[in-house]
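Colleague: need coordinates for the below:
(one chain, ligands or ions: 1)
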Amino acid sequence: MSSIIRSALSGSRRLYHPALTAVRAMSASGPTPPFTTLSISQPATHVTHVELHRPDKRNAMNKAFWREMVECFNQIAEDPECRAVVFSGAGKVFTSGIDLMDMASEILQPEGDDTARMAWHVRRIITKYQETFSVIEKCPKPVVVAVHGACVGAGVDLITACDIRLCSQDSWFSVKEVDIGLAADVGTLQRLPSVIGNRSLVNELALTARKMYSDEAKSCGLVSRVLPDKETVLTAAMEIAGEIAARSPVAVQGTKINLIYARDHSVAESLDYMATWNMSMLQTQDLMKSAQAAMEKKTPKDVVFSKL
Ligand SMILES: CC/C=C\C=C\CC(=O)SCCNC(=O)CCNC(=O)[C@H](O)C(C)(C)COP(=O)(O)OP(=O)(O)OC[C@H]1O[C@@H](n2cnc3c(N)ncnc32)[C@H](O)[C@@H]1OP(=O)(O)O
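Modeller: Next comes the predicted model:
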C-alpha cells in the first residue's frame, strides 16, 4: 500500500509523495509542504532530489529538520517511483550542523524530576536523532550527496550515512562536536572509520575538530569526486543518480543492502546473507531483461523495469 493511500486512510495531514510532486528546477525555491526544512523535487525520471533548505541559517539542523528527515526518507523508501536520491544543501554552504539556538533547551535543560529521568529523556532524544541519519542508510534507494562549502558537525554524521559522496572544490569538513563540548553521537564515530579506512586520521579529525578541505577529503576517500563548484557537483550527483535509476531496482537495492550488511558482518556471514538474498531475487524478470539487452548491445536505459 503506498504512503499516500495510507495517509488518506488514516486521515492524517497531506504527505509528500515524489510521484505526485511537480517536476521542479534543480535549484528549488523553498521547502515543499508538509516540510519546513526540506525541499523535494523530481528532477529526472525515478530520481528524487532532497534539498536541505534553511539557507539564511546556513542549513542549521533545527528540531523540525530532525523529524522531517525521518518522514521524508521513510516515504522515499516506500515510493515505487523513486530509484535514486540526491541530497544537497541550499545557499552558501551544505550545512553548519546542529542548530545551536534551537537545540540548546532540549539538550541543556532536559525534562525529568531527577537525574535518572533526565538521563532517560536525553537518551531518547539522542536515539531519535540517530534515526534522522540512519533512515538514509535504511532506505534501500541509493543516496548521492553533493556537498559544497562548509559541512560541519552533524553534517559529517549525515554524509557518512550516504552511499556516494561528492564535493565542490570549496568544501571543507569538520567533526566539530568536541569544540562544542560533546562526543559526536549521531553516526560519525560509528561510520567514518569504515568510510575512510584510516583510524588514525579519524581520531585526529574527531579529537581536534580541524578542518579537512576537499583535496584531502578526496585523497582519504571521504568523497569519491571533487568538482569545481556547487553547480557542477550537483550536476555530477544528478548524473550518477540517473545512471543508478536506469538500472534494475531489484539489482540496485539488493546491492545497497548487501554492501551495508557486508560492512557490518564477516565475509562468511555476508556471503551467507547474499546467497539467501539472491535465492529469491535471481528469479526477477529484471535479470532476463537486462541480460538480453546486454546481448543485444543495448544499455540498461533501453530496458523498462517494473516498479518496485
Ligand atoms: C543530539 C546531538 C546531535 C547532534 C549534534 C551535532 C553537533 C554539531 O553539529 S557541532 C557543529 C555546530 N555548528 C557550528 O559550530 C558551526 C557554526 N557556524 C559557522 O561556523 C558558520 O556559520 C559557517 C557555517 C562557517 C558559515 O559562516 P557564514 O557564511 O559567515 O555565516 P554566518 O554569518 O556565521 O551565519 C549566518 C546565519 O546563520 C546562523 N547560523 C550559522 N550556523 C548556525 C548554527 N549551527 N546554528 C544556528 N544558527 C546558525 C547565524 O547565526 C546567522 O544567523 P543570523 O540570524 O543571520 O545572525
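Colleague: how far away is Glu71 from the ligand?
Modeller: 18 Å (Cβ to the nearest ligand atom, to the nearest Å). (Glycine included, C-beta is placed from N, CA and C.)
Colleague: kindly report the same for Asn74.
Modeller: 20 Å.
Colleague: again, but for Gln169
Modeller: 17 Å.
Colleague: hang on, isn't that residue packed against Glu231?
Modeller: No - shown here, Gln169 and Glu231 do not form a contact pair, counting by Cβ atoms under 8 Å, at 11.9 Å.
Colleague: please identify the helix or strand for Val50.
Modeller: Under the criterion of DSSP states H and E, Val50 resides in strand 47-52.
Colleague: does Pro167 count as helix, strand or coil?
Modeller: One thing to correct before we go on: residue 167 is Cys, not Pro. The three-state assignment at Cys167 reads strand, by DSSP: H, G, I helix; E, B strand; the rest coil.
Colleague: contacting residues for the residue of the stretch 101-250 of the chain found nearest the ligand?
Modeller: Nearest residue of the stretch 101-250 of the chain to the ligand: Gly153, at 2.2 Å (Cβ to the nearest ligand atom). If you count contacts by Cβ atoms under 8 Å, 6 or more residues apart in numbering, Gly153 has them with 96-98, 174-177, 180, 184.
Colleague: how does it look with 7 Å?
Modeller: Contacts for Gly153 were tallied using Cβ atoms under 7 Å, 6 or more residues apart in numbering; they are 97-98, 176-177.
Colleague: rewinding a little: heading C-terminal from the strand holding Val50, find the next helix or strand.
Modeller: helix 63-78.
Colleague: can you list the buried residues in that next one?
Modeller: 64-78 (16 or more other Cβ atoms under 10 Å).
Colleague: what does stretch 76-91 give?
Modeller: 76-79, 81-91.
Colleague: out of the contacts of Gly153, who's near the ligand?
Modeller: Among those, the residues within reach of the ligand (Cβ under 6 Å from any ligand atom) are 97-98, 176-177.
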